[in-house]
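Engineer: Prediction below, plus the sequence it came from.
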Amino acid sequence: MSDDPPIDADALARAEAALAALSKDYLSWAEADLTALRRALADRDWDGLHRIAHNTKGQAATFGYPLLSVLAGRLCALILTHGQPEPDQWRQAQALVDGIGQVLDSRLTGDGGEAGQQLLAELS
């Protein structure tokens, strides 16, 4: 027997409705984050790049874009692995940000299907 309190069906319905309402705005937020990622790359702002990628990683799957979470997670891992990035790491970061752009431009929800799997393979 569980000590967890029973789930309030009304509260759950309100939470699901709130999430659905937020989902309508997600793409505009994600596109704003993409613009910020591109700006951080142009400014060579490694820490800013990590902050934005970390937020994207945490939000994207919730709103139906798990492929975006994977790419942002790879970007986070790259940044955390290289405290002082060399030109090769900047190129890798650029490729990942470009991949994030592809996911958003093509609206690749879920795992992105064949296009998403090809993108992951290209960025491995």
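Structural biologist: Nice, I can see it. Numbers count the residues shown, from 1 in each chain.

Engineer: going forward, measure contacts and count neighbours with C-alpha atoms only.
Structural biologist: Noted.

Engineer: what helix or strand is the closest residue to Tyr65 other than its chain neighbours on?
Structural biologist: Leaving out its chain neighbours, the residue that sits closest to Tyr65 by CA to CA, 6 or more residues apart in numbering is Thr109, at 4.8 Å. Here Thr109 is covered by no helix or strand, with elements defined by DSSP states H and E.

Engineer: Phi first, then psi, for Thr109.
Structural biologist: With angles defined as degrees, to the nearest 10, Thr109 sits at phi -80, psi 170.

Engineer: cool, Gly112 as well?
Structural biologist: With angles defined as degrees, to the nearest 10, Gly112 sits at phi 80, psi 0.

Engineer: Repeat that for Arg107.
Structural biologist: Per degrees, to the nearest 10, the backbone of Arg107 is at phi 50, psi 50.

Engineer: ditto for Leu108
Structural biologist: phi -80, psi 90.

Engineer: Okay, it and Gln59: tell me how far apart.
Structural biologist: Going from Leu108 to Gln59 by CA to CA, to the nearest Å gives 15 Å.

Engineer: Likewise for Leu68?
Structural biologist: Taken as CA to CA, the span from Leu68 to Gln59 is 9 Å.

Engineer: cool, and Asp10?
Structural biologist: 24 Å.
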